[in-house]
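Visitor: with the input below, show me the fold.
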Amino acid sequence: MKQLSDVIVVGGGPCGSFAALNLARLGVDVVVFEEHEKIGVPAHCAGHLSISGLKRLGLYPLPKKIVEGAFYGAKFHSPTGEEFSVKFSSPATCAVNRTLFDKHIATMAKDAGAKYQLNMRIESLTMKDAYVEGVKVEGKKKDEGEFSARIVVDAEGVSSRILRQTGLAGLNPNMVVIGVHAEVKNVKDAEPDMVEVFLGKDYADGFYAWLIPKVDGKAKIGLAAKKGNPKELLQMLMRKHPAASKKLQEAKITEISFYPLTLGGPISKAYSNGFLVVGDAASQVKPTTGGGVILGMTCAAAAAEVACEAIRMKDFSSEFLSAYQRRCDEILGFDARIMLRIRRMLDAMSDKKIDEAISFCNKLGLDKSLQSVRDIDFQGRTLMQLSRSPRMLAALLYFFFLYLSANP
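Guide: Residues are numbered from 1 along each chain as shown. Have a look, this model is predicted:
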């Protein structure tokens, strides 16, 4: 077995690279194994990120070439085409080119001292006496073999293949939806500073569809669903949804990709002897929107701190590394529980109830209360703050009774 580093990170996506960046900044010898030939390829999501989240991570402003647009708010379209909008006084989110964004984080990690091994697939973990002590790598013949490390950080994504080898419980398969992301041209009448969300079980059962404007009539569009063929559902959305079709009926798809989204909330245990899990592999993803970049990177920074302390103390036991789980619970626990309840409530609502809810939000003038929102990542805490508003309290009670009526 080859001695390679103090920490091996499996996966060079944003969460893996951010873990490596923070480890390297703490003086830890870290290497990242990425199975693809290039960082950020293929891209796995639309790259719609909160600006407040990027600021918390110390990543904003981003280089201009990475940012494809900034957005002041969102429009929500009901299954019949009724609209509810929320617009803020300053940009709340931005869309990034995911390939360039991933490369940017990896470059930062390299500049800090992290090493990268590309086109190197982790075949399995290597274990001894119930401790993870390294990885077995598939690659070019001269690079193949077993590499040891004091700690392995698993940032492999939704597949969770490596995680399962430790005996840890993985993602909830009943809360995984299949997403499709497309780049399109010839989009009509899209507001350049507003993201659009399209609801309807015929198009995106268990989730929603989206449109993120770019320039010159181009846009990012997509959806996710619990069942059905995502590509066919996207084509039906473009042709038939009463709101989406007005903008997308003549649009042409220039690129398309598919990927799973985990909406079940964080896994109950993201650590083992010599082993930590971050990002999608740990389901550190918002159950409401499927966004996992900001939350996953936040937890990746926490993993780096715990791993560094474990190396300093020379204690790689599950008991010591459980500090990471406590940090994650502090970061995500309350908000994830609230967002999971919201996801279940939305899943239980019929299209008719969704129409009624959007109509109610308009009559209530809820957009005025929502304009005070400053954080769209930690939605549980945001809802607690908003509940002081009479409008928001009325809306919460309304949605609660809708949920009860759908689950008698």
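
Visitor: which residues of the stretch 51-200 of the chain fall in strands?
Guide: 67-71, 73-77, 83-87, 93-96, 115-117, 121-128, 131-138, 145-148, 151-154, 176-185, 194-198 (DSSP state E, counting those that start in this stretch).

Visitor: name the helices or strands packed onto the fourth one?
Guide: This points to strand 93-96. With contacts taken as 3 or more Cβ pairs under 8 Å, 6 or more residues apart in numbering; DSSP states H and E, strand 93-96 sits against strand 48-50, helix 51-56, strand 67-71. To be clear about C-beta, it is placed using only N, CA and C from the backbone, and glycine gets the same treatment.

Visitor: give the other helices and strands that the first one contacts.
Guide: Looking back up the chat, that one is strand 48-50. Looks like strand 48-50 contacts strand 93-96, helix 293-313 (3+ Cβ pairs under 8 Å, 6+ apart).

Visitor: closest to Leu234 out of the ones you listed?
Guide: Nearest to Leu234, of all the helices and strands packed on strand 48-50, is strand 93-96, at 18.0 Å by Cβ to Cβ.

Visitor: ok now whatever helix or strand Ser245 lives in, how far from the chain's centre?
Guide: Applying DSSP states H and E as the criterion places Ser245 in helix 244-248. Put simply, helix 244-248 sits 26 Å off its chain's centre (Cα atoms, centre = their mean, to the nearest Å).

Visitor: ok, then the element right after it?
Guide: strand 252-262.

Visitor: direction included, what does the helix or strand just after that next one pair against?
Guide: Tracing the chain past strand 252-262, the next element assigned as helix or strand by DSSP H and E is strand 271-272. Counting by DSSP bridges, the strands paired with strand 271-272 are strand 275-277 (antiparallel).

Visitor: and for the partner strand, what's in contact with it?
Guide: 125, 132, 151-155, 163, 166, 168, 267, 270-271, 303, 306-307, 321, 324 (Cβ atoms under 8 Å, 6 or more residues apart in numbering).

Visitor: before we move on, what about stretch 350-367?
Guide: 76, 78-80, 82-87, 199-202, 346, 349, 391-392, 394-395, 398-399, 402, 405-406.

Visitor: Thr93 contacts Asp375, correct?
Guide: No: at 11.7 Å, Thr93 does not count as touching Asp375 under the criterion of Cβ atoms under 8 Å.

Visitor: what's the overlap in contacts for these two?
Guide: Contacts common to Thr93 and Asp375, judged by Cβ under 8 Å, 6+ apart, are Ser50.

Visitor: neighbour count: the two, which is higher?
Guide: Set side by side, Thr93 and Asp375 show more neighbours around Thr93, with 22 against 15, by other Cβ atoms under 10 Å.

Visitor: show me the contacts for the closest residue in space to the more buried one that isn't next to it in sequence.
Guide: Nearest in space to Thr93, with sequence neighbours left out and distances taken as Cβ to Cβ, 6 or more residues apart in numbering, is Phe71 at 4.8 Å. Going by Cβ under 8 Å, 6+ apart, Phe71 touches 91-95, 193-195, 212.

Visitor: and if you look at Leu248?
Guide: Leu248 touches 184, 187-188, 211, 221, 237-238, counting by Cβ under 8 Å, 6+ apart.

Visitor: re earlier: which of the contacts of Phe71 sits closest to Ile66?
Guide: Once Cβ to Cβ is applied, the member of the contacts of Phe71 that ends up nearest Ile66 is Cys94, at 9.0 Å.

Visitor: what residues are up against the closest one?
Guide: Applying Cβ under 8 Å, 6+ apart, the residues near Cys94 are 48-49, 51, 54, 62, 67-71.

Visitor: for PyMOL, write the selection for the buried entries among these.
Guide: Here is the PyMOL command that selects the buried residues among these (16 or more other Cβ atoms under 10 Å):
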select buried, resi 48+49+51+54+62+67+68+69+71
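
Visitor: as a markdown table, the contacts of Cys94 with pLDDT and distance to Leu21 would be great.
Guide: A markdown table is the format used below for the contacts of Cys94 (pLDDT from 0 to 100; distance: Cβ to Cβ, whole Å):
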| residue | pLDDT | distance to Leu21 |
| --- | --- | --- |
| His48 | 97 | 22 |
| Leu49 | 97 | 17 |
| Ile51 | 97 | 20 |
| Leu54 | 98 | 14 |
| Leu62 | 98 | 15 |
| Val67 | 98 | 20 |
| Glu68 | 97 | 23 |
| Gly69 | 96 | 25 |
| Ala70 | 97 | 24 |
| Phe71 | 97 | 26 |
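
Visitor: which of the contacts of Cys94 sits closest to Leu386?
Guide: Closest to Leu386, out of all of these and judged by Cβ to Cβ, is Ile51, at 19.1 Å.

Visitor: give the contact list for Ile267.
Guide: Counted by Cβ under 8 Å, 6+ apart, Ile267 has contacts 168-171, 277, 282-283.

Visitor: quick check: ChimeraX command selecting the buried ones in those.
Guide: Selection of buried members from the contacts of Ile267 for ChimeraX, criterion 16+ other Cβ under 10 Å:
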select :168,170,171,277,282,283
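
Visitor: which of the contacts of Ile267 fall in helices?
Guide: Secondary structure defined by DSSP state H assigns none of those to helices.

Visitor: any idea how far Met175 is from Leu340?
Guide: 8 Å (Cβ to Cβ, to the nearest Å).

Visitor: residues shared between the contacts of those two?
Guide: Joint contacts of Leu340 and Met175 (Cβ under 8 Å, 6+ apart) are 263-265, 287.

Visitor: columns neighbour count, pLDDT and distance to Glu34 on top of the residues you listed, output as a markdown table?
Guide: Putting the shared contacts of Leu340 and Met175 into a markdown table (neighbours: other Cβ atoms under 10 Å; pLDDT from 0 to 100; distance: Cβ to Cβ, whole Å) gives the following:
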| residue | neighbour count | pLDDT | distance to Glu34 |
| --- | --- | --- | --- |
| Leu263 | 27 | 97 | 26 |
| Gly264 | 17 | 97 | 26 |
| Gly265 | 23 | 97 | 27 |
| Pro287 | 27 | 97 | 28 |
